[in-house]
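Colleague: next one to model:
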Amino acid sequence: MKTNTCSVSFSINGEKKTFATRPDEKLLDLLRREGYKGTKYGCGQGTCGACTVIMDGRAVYACLLYAMQAEGRKVRTIESMGTYDKPAPIQQELVAAGAVQCGYCIPGIIMSATALMETEKDISDEVAKEYMDGNLCRCTGYEKIWVALRRTLDRAAAEPKKKASKGGKK
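Modeller: Modelled structure (predicted):
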């Protein structure tokens, strides 16, 4: 049986790369195959948020997109966020609030929160909840996650930054 492969080129975490793929391969599967293991497989149906990545500034579900849809785009995964020695503010707050239990949902939550903070200004609770709506967590009951997100948003609001509204969620 002949395998129909093609190539797809896009920026991944700031680095332009070309990958071999099949026309039916999902972006999530390509990312994980290529070593971006922080992007998790959850439901495979776009309902849990474990696979959330940022594509061209918007939080999207990698399990719903074909790899070919990333052609020419800018994709960011959890690997583009803070490091162990220098975590991103949302990562710091999630740990401080005790919001990380099993940790499976955390990469998707971080990516959705990052898209929120990078695209919106004057973030109300309603807007924040809309952005985070597609991220499920079976461990924490969401209260600690919300506390961490609110602290991160308040911290960011206290720091003068230019934020351009690009709009859109998943």
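Colleague: element containing the spatially most central residue of the chain?
Modeller: Closest to where the C-alpha atoms of the chain average out (Cα atoms, centre = their mean) is residue 111, at 2.7 Å. Using DSSP states H and E, residue 111 sits in helix 106-119.
Colleague: now the element after that helix, going C-ward?
Modeller: Once the chain leaves helix 106-119, the next helix or strand it forms, by DSSP H and E, is helix 125-132.
Colleague: what residues of that next one count as buried?
Modeller: 127, 128, 131, 132 (16 or more other Cβ atoms under 10 Å). C-betas here are computed from N, CA, C, even on glycine.
Colleague: ok, the second one touching residue 148?
Modeller: Same thing as residue 128. No - the pair residue 128 / residue 148 is not scored as a contact, 11.5 Å apart, by Cβ atoms under 8 Å.
Colleague: quick check: chain neighbours aside, which residue is closest to residue 137?
Modeller: Once flanking residues are discounted, residue 137 sits nearest to residue 105: 4.4 Å by Cβ to Cβ, 6 or more residues apart in numbering.
Colleague: residue 54 now?
Modeller: Per Cβ to Cβ, 6+ apart, closest to residue 54 is residue 76, 4.2 Å.
Colleague: likewise residue 145?
Modeller: Looking at residue 145 with Cβ to Cβ, 6+ apart, the closest residue is residue 99, at 4.6 Å.
Colleague: and that neighbour, helix, strand or coil?
Modeller: Here residue 99 is recorded as coil under DSSP: H, G, I helix; E, B strand; the rest coil.
Colleague: in this structure, which helix has the most residues?
Modeller: The helix that spans the most residues within the chain, counting by DSSP state H, is helix 143-158.
Colleague: contact partners of that helix?
Modeller: Helix 143-158 has contacts (Cβ atoms under 8 Å, 6 or more residues apart in numbering) with 89-90, 93-94, 96-99, 109, 113, 117, 123, 125, 128, 132, 137.
Colleague: before we move on, the earlier item: quick one, phi psi at the residue nearest to residue 137?
Modeller: For residue 105, the backbone dihedrals (degrees, to the nearest 10) come out as phi -80, psi -20.
Colleague: residue 30 now?
Modeller: With angles defined as degrees, to the nearest 10, residue 30 sits at phi -60, psi -50.
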